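Peer 1: One predicted model, sequence on top.
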Amino acid sequence: MRLWTLHPKYLDPKGLVALWREALLAQAVLKGGTAGYRHHPQLLRFKSHPDPLAAIALYLRALHAEAIARNYRFDGAKINRRRTKIKLAESRGQLAYEWLHLRAKLRARDPDWLRQWNNVAAPEQHPLFRLVPGAVRDWEKIALDAATGIKTKLSRAPAIPPKPKL
């Protein structure tokens, strides 16, 4: 599950559809309607909101608006009716990391879609979020490449390093 901090306009068609499904799943989890994913780290920031269901509804409404702008038929009736004006704080570091992560995904999955965003250095955040200074969030599974200093997403648990020779 990935609930992007990035504005949904940057997602290719497959990415937007996947995000819609994942956000609907997140809504079901926050309602208590499913046993799985209750402790998923992507839900922590929604759970920190005074009204988590209103926060996920706001998140879904922005996805729905993007879908409508693209002439997709996402069912807006699936979004709960709760409302909020309280935005969630998210770090600039998290947004920057996600931008690199999405660009890597698009480079492999849909380079034509990515091409339209080549000149974007600082992407917009999803309307639910307000940006604050800070690094990549602790719940993000990343590793620091010792050679380059670049943080990368972990695809599996890191290997246990060998014991040092004395």
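Peer 2: Received it, and whenever you're ready, just let me know what you need.
Peer 1: Model confidence for I142, exactly?
Peer 2: Confidence at I142, expressed as pLDDT, is 71.
Peer 1: Would you mind naming the residues that bridge with it?
Peer 2: K153 (DSSP bridges).
Peer 1: doesn't A135 make contact with it?
Peer 2: No: with contact defined as C-beta atoms under 8 Å, I142 does not count as touching A135 (10.3 Å). (Each C-beta comes from the backbone N, C-alpha and C, glycine too.)
Peer 1: For the closest residue to F74 other than its chain neighbours, list the residues it contacts.
Peer 2: Sequence neighbours aside, A67 is the residue nearest to F74 in space, at 4.1 Å (criterion: C-beta to C-beta, 6 or more residues apart in numbering). Applying C-beta atoms under 8 Å, 6 or more residues apart in numbering, one finds that A67 lies in contact with 16, 20, 73-74.
Peer 1: repeat for W20
Peer 2: Contacts of W20 (C-beta under 8 Å, 6+ apart): 60, 63-64, 67, 74.
Peer 1: The residues you listed in helices, which ones?
Peer 2: Secondary structure defined by DSSP state H assigns 60, 63-64, 67 of these to helices.
Peer 1: okay, those residues in a markdown table with distance to A28 and pLDDT next?
Peer 2: Putting the ones in helices among the contacts of W20 into a markdown table (distance: C-beta to C-beta, whole Å; pLDDT from 0 to 100) gives the following:
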| residue | distance to A28 | pLDDT |
| --- | --- | --- |
| L60 | 11 | 98 |
| L63 | 15 | 98 |
| H64 | 16 | 98 |
| A67 | 19 | 98 |
